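Visitor: With the sequence up front, the predicted model follows.
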Amino acid sequence: MSKLLKKPLKLALVQLATGSDKSANLSRARSKVLEATSKGANLVVLPECFNSPYGTKYFPKYCETLLPSPPTKEQSPSYHALSELAKEAKTYLVGGSIPEYWEETKKYYNTSLTFDPSGKLLATHRKVHLFDIDIPGKITFRESEVLSPGNKVTIVDLPEYGKIAVAICYDIRFPELAMIAARKDAFLSLYPGAFNMTTGKLHWELQARARAVDNQVYVGLCSPARDMEAEYNAWGHSMVVDPNAEVIAELDEKENIVYADLTGEKIEETRKGIPIYTQRRFDVYPDVSEGKVKYEE
Ligand SMILES: NC(=O)CCC(=O)C(=O)O
């Protein structure tokens, strides 16, 4: 038996078609998550900003209050919809992300909630690296105009399976998060994410495969479906990459669900063949998972 992934796990990534109607987004997410679990999924993932359009002007309009936890239904309909759905579908559920407003600090965050099959909240990840880029003539985006960053690495223990890491979209460009999680025995790094038509083509698959090959873990990227009528056109192409950095499941840009069967044996086999795990030279460079790291485990 593998120490990292104790038994096989069926992962499902829901590439949801999202729109401007929050309650329609929530009910569409419900039907897709139930579809995924009817096909045997044990862990289901929704995309970044699954309950709203993606864009800085939408964060204040669609935000919900999560603290103090648990919020009331009025404060966060999405929290309750996700919790009830995880329980109804009897699945671990990484609820993509939603815009959060924290009254105490008057700050907005891009926040992901993970629930267990009893509907209990297991973890909260606030996007650590905000998506601020400027590629002239292609795309300019500044999440930091509205959002504040989160401040910790999120590792979630799924007791029957093992540990997973959750981060959000642009976080994938910072290899430290996945590396730290892998060194702390996570078998999978998950990124609800909405890359775009410029950087999606360039870097979406590359980033997924890079995090997998660096750490010899599974990686899952879950995008919204592409909507060419929306202001922000998501790349789509939700995918699962194995510990050997091979893309084992991938969608095109349309709404759909992608599945992959993850095993501990695949991780062990990869690490045995190319044993970077025992070849690291912490006498030459520091281990980024040691020292000053802020975690939520
Ligand atoms: N929502 C995001 O963080 C987008 C990140 C992105 O497109 C990138 O290129 O990175």
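Guide: It's in.
Visitor: drop to CA atoms for contacts and neighbour counts, all remaining ones
Guide: Will do.
Visitor: So which bits of the stretch 1-150 of the chain are right by the ligand?
Guide: For the stretch 1-150 of the chain, the residues in contact with the ligand (CA under 6 Å from any ligand atom) are Phe131.
Visitor: Check the residue in the stretch 1-150 of the chain that the ligand sits nearest to and give its pLDDT.
Guide: Closest contact between the stretch 1-150 of the chain and the ligand, by CA to the nearest ligand atom, is at Phe131 (4.6 Å). On the pLDDT scale, Phe131 is placed at 98.
Visitor: Just give the closest residue to it, not the sequence neighbours.
Guide: Computed as CA to CA, 6 or more residues apart in numbering, the closest residue to Phe131 that is not its neighbour in sequence is Glu143, at 5.3 Å.
Visitor: and that neighbour, how many neighbours does it have?
Guide: 19 (other CA atoms under 10 Å).
Visitor: so it sits right up against Leu130, yeah?
Guide: Yes: using CA atoms under 8 Å, Glu143 makes contact with Leu130 at a distance of 5.7 Å.
Visitor: Can you tell me how far the residue of the stretch 1-150 of the chain closest to the ligand is from Thr56?
Guide: Noted for Phe131: a distance of 10 Å to Thr56, by CA to CA, to the nearest Å.
Visitor: on that earlier part again, could you measure from the residue nearest to Phe131 over to Ile98?
Guide: In terms of CA to CA, Glu143 sits 14 Å off from Ile98.
Visitor: anything in contact with each of Phe131 and Thr56?
Guide: Residues touching both Phe131 and Thr56 (CA atoms under 8 Å, 6 or more residues apart in numbering): 142-143.
Visitor: what's the closest non-adjacent residue to Leu177?
Guide: That would be Val153: by CA to CA, 6+ apart, it lies 6.3 Å from Leu177.
Visitor: ugh, wrong one, Gly200
Guide: Trp235 (5.4 Å).
Visitor: The one you found and Leu202 touch, don't they?
Guide: No: using CA under 8 Å, Trp235 makes no contact with Leu202, being 10.6 Å away.
Visitor: and the residue of the protein nearest the ligand?
Guide: Going by CA to the nearest ligand atom, the ligand is nearest to Phe195 of the chain, at 3.3 Å.
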